[in-house]
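Student: no sequence for this one, just the structure:
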Ligand SMILES: Cc1ncc(COP(=O)(O)O)c(C=O)c1O
């Protein structure tokens with residue numbers, strides 16, 4: 001049973017679980033003969049990057065700032081993809097990244113020569129027209145109708161393939177092996193003429209490698225079969241799949257309330273600390289709690305922001321909640337603290353690591369400064 005005396009709210013990364021996840025990634029690298037990158041958009045905790053480095057080939061970024069973070073704090077390879085860049089960003093990225101990916105034939109024609117002249121490799125993102133995202137429907141499906149991500153199949157002749165090294169597709173979201181394999185086979189079946197023009201293919205993120213039910217051997221088999229056929233380097237860039245179930249958000253009950261139902265107000269909030277609870281939406285699990293009415297005492301839990309919809313969900317407990325009680329949300333390492341905000345002046349949740357001997361170190365002391373500094377200077 002998880003417990004802790006960390007000051008709440010606090011995200012606690014579990015290093016033992018992270019190691020187990022990374023060992024899976026490393027096995028994929030070795031047995032499939034591919035590279036695996038960390039997508040820092042999902043998880044970026046520089047304090048544990050030295051620990052992660054041995055298991056991975058580098059990081060992939062969503063833009064200049066993540067690329068800089070990867071270069072400064074992770075090292076190894078830095079890949080970056082953005083649907084659009086400014087001229088100045090591309091110039092700066094040539095100093096930070098090793099591989100820069102473009103979203104369209106137009107972006108390739110504008111920037112790929114700059115990248116190549118700097119001695120780096122250029123990639124193009126292709127929209128493979130393959131939908132498998134298991135989360136959030138069209139909201140998280142990069143191949144949804146009208147998606148702005150990637151050059152569409154019918155326009156690939158317009159890409160200057162002479163300047164392209166990497167064929168990139170990202171089409172999955174929290175997908176099990178059927179999705180990963182389906183994408184790999186789809187690309188092999190529909191894009192062979194273009195694969196012959198490049199030296200590497202990047203199958204993006206969304207491979208939920210460490211989720212229960214993901215058949216890692218099946219993924220390895222599919223990558224090997226692909227490599228046997230095309231003799232290309234293969235890259236994967238998961239985020240969530242590397243940190244699934246690797247940590248929690250610890251919160252405290254601040255107050256109890258009643259309005260036709262029992263309510264509990266926490267120091268953690270959906271709106272500020274777990275924005276995907278509202279955006280996806282989904283219901284995070286709580287250690288020791290059940291669904292509404294499953295156990296004796298049911299409460300609707302919410303944050304203390306002014307947003308009426310800042311509600312995490314209804315949960316039941318064996319004992320009545322009291323102010324000061326701990327509530328621990330599981331599986332909170334991906335797309336949580338990286339998306340957190342300070343709406344209402346809410347403090348960011350602190351960041352902590354649970355080491356493999358069970359001790360916990362708190363890494364941050366967030367407070368007023370993070371709220372104030374993002375609002376600009378006073379006159
Ligand atoms: C281009 C790209 N690569 C990788 C990822 C990481 O995806 P995930 O965290 O679902 O593995 C994303 C997520 O949006 C992405 O857009």
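Tutor: Nice, thanks for sending it over. From a predicted model like this one, the values you see are computed outputs, not experimental measurements.
Student: Within range of the ligand, give me the residues from the protein.
Tutor: Counting by Cβ under 6 Å from any ligand atom, the positions of the chain adjacent to the ligand are 39, 41-42, 60, 81, 170, 173, 204-206, 237-241. The way it works is simple: take the backbone N, C-alpha and C, and place the C-beta from them, glycine included.
Student: Just the ones of these in strands?
Tutor: Counting by DSSP state E, the members of these that fall within strands are 39, 60, 81.
Student: And the second one, how far from residue 267?
Tutor: The reference is to residue 60. Residue 60 is 33 Å from residue 267, where distance means Cβ to Cβ, to the nearest Å.
Student: Next: residue 164.
Tutor: As for residue 164, its distance to residue 267 is 49 Å (criterion: Cβ to Cβ).
Student: neighbour-wise, which of those two wins?
Tutor: The residue with the greater number of neighbours, taking residue 164 and residue 267 and applying other Cβ atoms under 10 Å, is residue 164; the counts read 24 against 21.
Student: what does the model give that one for pLDDT?
Tutor: We note a pLDDT of 98 for residue 164 in this prediction.
Student: check contacts around it.
Tutor: Contacts were defined as Cβ atoms under 8 Å, 6 or more residues apart in numbering; by that measure residue 164 touches 108, 112, 122, 123, 124, 197, 198.
Student: Next, the first one: phi, psi?
Tutor: If I follow you right, that is residue 108. The phi and psi values for residue 108, taken as degrees, to the nearest 10, are phi -60, psi -50.
Student: Pretty sure it sits against residue 155.
Tutor: No. Counting by Cβ atoms under 8 Å, residue 155 is not a contact partner of residue 108; they are 11.3 Å apart.
Student: Please say which of these two ends up with more neighbours.
Tutor: Per other Cβ under 10 Å, whichever of residue 108 and residue 155 has more neighbours is residue 108, with 24 against 13.
Student: Which residue comes closest to that one once chain neighbours are left out?
Tutor: Setting aside the residues directly before and after it, residue 108 is nearest to residue 102 in space (Cβ to Cβ, 6 or more residues apart in numbering), at 4.8 Å.
Student: For that neighbour, what are phi and psi?
Tutor: Dihedral angles (degrees, to the nearest 10) for residue 102: phi -120, psi 160.
Student: where along the stretch 101-250 of the chain do the helices fall?
Tutor: For the stretch 101-250 of the chain, the helices defined by DSSP state H, counting those that start in this stretch occupy 105-117, 177-190, 192-195, 216-230, 240-243.
Student: thinking in terms of the whole chain, how far from its middle is the last one?
Tutor: The gap between where helix 240-243 is centred and where its chain is centred comes out at 7 Å by Cα atoms, centre = their mean, to the nearest Å.
Student: Residues contacting it, please?
Tutor: Contacts made with helix 240-243 from outside it, assessed by Cβ under 8 Å, 6+ apart, are listed as 13, 18, 21-22, 25, 38, 42-43, 56, 174, 205-211, 214, 333-335.
Student: got any ranges where the protein has weak pLDDT?
Tutor: Within the chain, the stretches with pLDDT under 70 are 1-4, 133-136.
Student: quick check: longest strand of it.
Tutor: Taking residue count as the measure and DSSP E as the definition, the longest strand of the chain comes out as strand 247-258.
Student: next one: it to chain centre, how far?
Tutor: Worked out by Cα atoms, centre = their mean, strand 247-258 lies 25 Å from the chain centre.
Student: List the neighbouring strands of that strand plus their orientation.
Tutor: The strands that strand 247-258 pairs with in its sheet are strand 10-14 (antiparallel), strand 262-266 (antiparallel), strand 326-329 (antiparallel) (by DSSP bridges).
Student: chain center to the shortest one: distance?
Tutor: Strand 326-329 sits 22 Å away from the centroid of its parent chain (Cα atoms, centre = their mean).
Student: who does whichever helix or strand comes after that strand touch, helix- and strand-wise?
Tutor: Using DSSP states H and E, the helix or strand that directly follows strand 326-329 along the chain is strand 350-354. Packing partners of strand 350-354 (3 or more Cβ pairs under 8 Å, 6 or more residues apart in numbering; DSSP states H and E): strand 10-14, helix 15-32, strand 360-362.
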